[in-house]
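Trainee: Structure for the following, please:
(2 chains)
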Amino acid sequence: MQVWTKLFAKSPFKPLIKHAEVVLDTVETLERALELWYDKKYDEMEKVAIEVDNLEDIADRIKEEIRDSLTTKLFMPVNRNDILEYLHMQDKIADAAEDTAKWLLIKRPKEIPEEIKEIILKMGKESIKAAKLVHKAIVQMDTVIESGFSEKEIEKEYELIKEIESVENKIDGLDTKLMKLVFENEDKLSWGDGFYILNIARTLSNISDKAKDSAERIRLMMNK
Amino acid sequence: MAWAIGANDAANSMSTAVGAGAITPKQAVIIAGILEFTGAYFFGKSVTETIRKGIIDLSQITEPTVLIYGSIAALLAAALWLLIATKFGLPVSTTHSIIGGIVGYGIVYAGLGIVNWGKMAQVVASWILSPVFGAIMAFVVFKAISKTILQSSTPVKSAKTHSPIWIGLAFVVIGAMFYIKVMHGKSLLTAIVKFGIPAGFVAFIISFVVLRRNFKSDDPYIGVEMIFKKVQVLTSAYVALSHGANDVANAIGPVAAVYAVATMGLAGMKVPVPRWILAMGGLGIAVGVATYGYRVMETVGKKITELTNTRGFSIDFSAATVVLIASWLGLPISTTHTVVGAVIGVGLARGVKAINKDIVKDIIISWFVTVPIAAIVSGIIFKILMVM
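Mentor: The predicted structure is shown next:
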């Protein structure tokens, strides 16, 4: 009887995990771009930065598909709005990575103090950590549902959320340090390079900010 | 009619098992075919009589030909409606259809007074109650399974000790119903003490030993699902059995009425349903499963991928228990309703990841329109037959 095939709607969790994978890919590609940028291999860096843009497009497409399938017709174990908000935040992670890539493409800087470049590279590395944790958290959310909202699995999820928050904290610290350094070095930097670096820092810290927002939404999903 | 039931409804009994990947569609067809027949032949008696005599007052039908034509009209109307509904993918109940058909010709012949409205109300109430009970039962069963097994600190170990209890419980119900249906016992207490508990105990011991001997998996949840995968084959079989017991009445109730007229020459007398009619109904269902059910189950198996084995077990176990209890009470209830109720129950327990609300709405609407439509069609066919 056809009713059985129609009664069970497609769960949004597998596509959400897929989306998280693409987001992680985007951030990882950005990190590669940052490394090339650090090594002043600008031609190669440009190619990789364009790749970031392409991945962000793919994430967008998956996002649209999930949105279209998440109609009010669905009856789910978690709140629909929480899922939509989560998806929005998760997608913003890829958006922030793309923004950073754009800034990288905008100009080739002159000499940037080594210290500053190192912090930027570090922020990129930490961003990957945040994106990885978000992916882990949404996979764990699937397990939470699978286990019938077991206390033990919910506990594991809370730990992941806390980890994301601590990564975000760390990046925030790096961000402040970087801003200070830019102004301490204002004699060595041109106006344009300073503006360029500060924007890269801002977009980079956005990645972990949005990761934190995603984690926040997952927390809400668990207390429907 | 029996064929239509087999083709349509019988797939329900195995659908959750196929959907959860416990068995292949081919295996499902074989198991369902055999068990639907067994259920119809051995368990089908009292419900058959309820539908045949209960819904309309047969003493008001004085001419034997009316009963014969009426029964044919009812059967044709129900089968026709079922066919149309299937074509459009509408989930209608065979029980509704045949009751509608009987009521239809009854009203055309003798007016509204012929319908036993008390009985009708009881039947309608059971339609509302069966999904509700299915939902409550499945909610409780799934919650209990997740509390005892999935949420325990050692899911695999808990599954080893707790799933035999569930298997045992399933067999307690099967055993008890076996006594009431096959042996025509009256006392529920005897049924449970003498048949249910021993059957449950044996099932418990066997499953306990088997699970101790071989169970291997690293991921606890996969391990738990593996256990329930095997249990689900049993619960699906159980649903098929109870489905046969209940729904054979839809096909052969009117046939039995015709038979009573043909052999005794009068209507409304209390005659037992002959075994061979039950066998015929059972065979019809089995053939329906084999010829058409296969295709249905194959689609089901491919499309329901969101259902896991613990959920499938909860749905099956609850639906089967509710259906068999209703069958013991002599209420003609629909397997479809109960299973739909059970699915929603597991959904409410936050077990199923996504249920299509629109389809639930469609199902509920179809529950309400089936009786009037079958009644009208049956009435028209009856009028035509009487004119001819």
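Trainee: Can you give me the buried ones in the helix or strand containing residue A:127?
Mentor: Applying DSSP states H and E as the criterion places residue A:127 in helix A:114-146. For helix A:114-146, burial by neighbour count (16 or more other C-beta atoms under 10 Å in any protein chain shown) applies to A:116-117, A:119-120, A:122-124, A:126-146. Backbone N, C-alpha and C define where each C-beta goes, glycine included.
Trainee: The residues you listed: which ones sit near chain B?
Mentor: A:143, A:145-146 (C-beta under 8 Å from any C-beta of the partner chain).
Trainee: any chance of these in TSV, with pLDDT and distance to residue A:75 too?
Mentor: Putting these into TSV (pLDDT from 0 to 100; distance: C-beta to C-beta, whole Å) gives the following:
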residue	pLDDT	distance to residue A:75
A:143	88	21
A:145	88	13
A:146	83	18
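Trainee: Which member of the residues you listed is positioned nearest residue B:245?
Mentor: residue A:146 (34.2 Å; C-beta to C-beta).
Trainee: Checking whatever residue of chain A ends up closest to chain B next. Helix, strand or coil?
Mentor: Ranked by C-beta to the nearest C-beta, the top residue of chain A for proximity to chain B is residue A:148, at 2.9 Å. Using DSSP: H, G, I helix; E, B strand; the rest coil, the structure places residue A:148 in coil.
Trainee: Spatially, what comes nearest to it if we skip its sequence neighbours?
Mentor: Nearest non-adjacent residue to residue A:148, counting by C-beta to C-beta, 6 or more residues apart in numbering or on different chains: residue B:146, 2.9 Å away.
Trainee: Same check on residue A:210?
Mentor: Nearest residue to residue A:210, sequence neighbours excluded (C-beta to C-beta, 6+ apart): residue A:92, at 4.0 Å.
Trainee: orientation of the strand or helix carrying residue B:226 relative to helix A:114-146 in degrees?
Mentor: Following DSSP H and E, one finds residue B:226 within helix B:220-264. Orientation check (axes from the mean of the first three to the mean of the last three C-alpha atoms, to 10 degrees): helix B:220-264 against helix A:114-146 gives 30 degrees.
Trainee: related to what we said a few turns ago, after the helix holding residue A:127 comes which helix or strand?
Mentor: The helix or strand immediately downstream of helix A:114-146 is helix A:151-184, counting by DSSP H and E.
Trainee: Just list the residues touching the spatially closest residue to residue B:287 that is not a sequence neighbour, thanks.
Mentor: Leaving aside its sequence neighbours, residue B:287 sits nearest to residue B:3 (C-beta to C-beta, 6+ apart; 5.8 Å). Counting by C-beta atoms under 8 Å, 6 or more residues apart in numbering or on different chains, residue B:3 touches B:284-285, B:287-288, B:291-292.
Trainee: try 7 Å
Mentor: Contacts for residue B:3 (C-beta atoms under 7 Å, 6 or more residues apart in numbering or on different chains) come out as B:284, B:287-288.
Trainee: coming back round to it: hmm, the residue of chain A closest to chain B is touching residue B:149, no?
Mentor: No - if you go by C-beta atoms under 7 Å, residue A:148 and residue B:149 don't touch, sitting 8.9 Å apart.
Trainee: wouldn't residue B:236 be in contact with residue B:14 here?
Mentor: Yes - here residue B:236 reaches residue B:14: they are 5.0 Å apart, a contact under C-beta under 7 Å.
Trainee: Looking at these two, which is more packed in?
Mentor: The neighbour comparison of residue B:236 against residue B:14 (other C-beta atoms under 10 Å in any protein chain shown) goes to residue B:14, with 33 against 30.
Trainee: burial measure for the residue nearest to residue A:148, as a count.
Mentor: By other C-beta under 10 Å, the residues close to residue B:146 number 24.
Trainee: and it, what pLDDT?
Mentor: In this model, residue B:146 is scored at 85, pLDDT.
Trainee: That one should be in a helix, yeah?
Mentor: Yes - under three-state DSSP, residue B:146 falls within a helix.
Trainee: where does the stretch 151-300 of chain B dip in pLDDT?
Mentor: Applying pLDDT under 70 to the stretch 151-300 of chain B flags the ranges B:178, B:180-186, B:188, B:214-218, B:246, B:264-272, B:293-300.
Trainee: Mind doing that once more with 80?
Mentor: Low-confidence segments of the stretch 151-300 of chain B (pLDDT under 80): B:151-157, B:159, B:173-195, B:210-224, B:226-227, B:230-275, B:278, B:288-300.
Trainee: Closest residue of it to chain A?
Mentor: residue B:151 (3.6 Å).
Trainee: need the contact list for that residue.
Mentor: Applying C-beta under 7 Å, 6+ apart, one finds that residue B:151 lies in contact with A:147-148, A:150-152.
Trainee: Give me the buried subset of those residues.
Mentor: A:147-148, A:150.
Trainee: Now the residues you listed in JSON lines, please, with extra columns for pLDDT and distance to residue A:161.
Mentor: JSON lines is the format used below for the buried ones among the contacts of residue B:151 (pLDDT from 0 to 100; distance: C-beta to C-beta, whole Å):
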{"residue": "A:147", "pLDDT": "83", "distance to residue A:161": "17"}
{"residue": "A:148", "pLDDT": "83", "distance to residue A:161": "20"}
{"residue": "A:150", "pLDDT": "84", "distance to residue A:161": "17"}
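Trainee: burial of the closest residue in space to residue B:56 that isn't next to it in sequence, as a residue count?
Mentor: Leaving aside its sequence neighbours, residue B:56 sits nearest to residue B:106 (C-beta to C-beta, 6+ apart; 3.9 Å). For residue B:106, the count of nearby residues is 28 (other C-beta under 10 Å).
Trainee: got it, and the one 10 residues further on?
Mentor: In terms of burial, residue B:116 registers 18 neighbours under the definition other C-beta under 10 Å.
Trainee: quick revisit: from the ones next to chain B among the buried residues of helix A:114-146, pick the one nearest residue B:57.
Mentor: Closest approach to residue B:57 among these (C-beta to C-beta): residue A:145, at 52.4 Å.
Trainee: Roughly how far does the closest one sit from residue A:74?
Mentor: For residue A:145, the distance to residue A:74 equals 14 Å [C-beta to C-beta, to the nearest Å].
Trainee: Enumerate every residue touching residue B:81.
Mentor: The contact partners of residue B:81, taken as C-beta under 7 Å, 6+ apart, are B:92, B:97, B:370, B:373-374, B:377.
Trainee: Which helix or strand contains it?
Mentor: Here residue B:81 sits within helix B:64-87, counting by DSSP H and E.
Trainee: Direction-wise, compare the helix or strand following that helix with helix B:64-87 and give the angle.
Mentor: Using DSSP H and E, the next helix or strand after helix B:64-87 towards the C-terminus is helix B:94-110. With the same axes, to 10 degrees applied, the angle from helix B:94-110 to helix B:64-87 works out at 140 degrees.
Trainee: and helix B:94-110, what does it pack onto?
Mentor: Contacts defined by 3 or more C-beta pairs under 7 Å, 6 or more residues apart in numbering or on different chains; DSSP states H and E place helix B:94-110 against helix B:64-87, helix B:220-264, helix B:357-387.
Trainee: Comparing the ones you listed, which comes out most buried?
Mentor: Each of these was given a mean neighbour count from mean count of other C-beta atoms under 10 Å in any protein chain shown, and the largest, a mean of 25, is that of helix B:220-264.
Trainee: So is it next to chain A?
Mentor: Yes - Helix B:220-264 lies within reach of chain A by C-beta under 7 Å from any C-beta of the partner chain, at residue B:221.
Trainee: Against which helices or strands is the next helix or strand after that helix packed?
Mentor: As assigned by DSSP H and E, the chain's next helix or strand after helix B:220-264 is helix B:275-288. Packing contacts for helix B:275-288, counted by 3+ C-beta pairs under 7 Å, 6+ apart, involve helix B:2-8, helix B:25-43, helix B:220-264.
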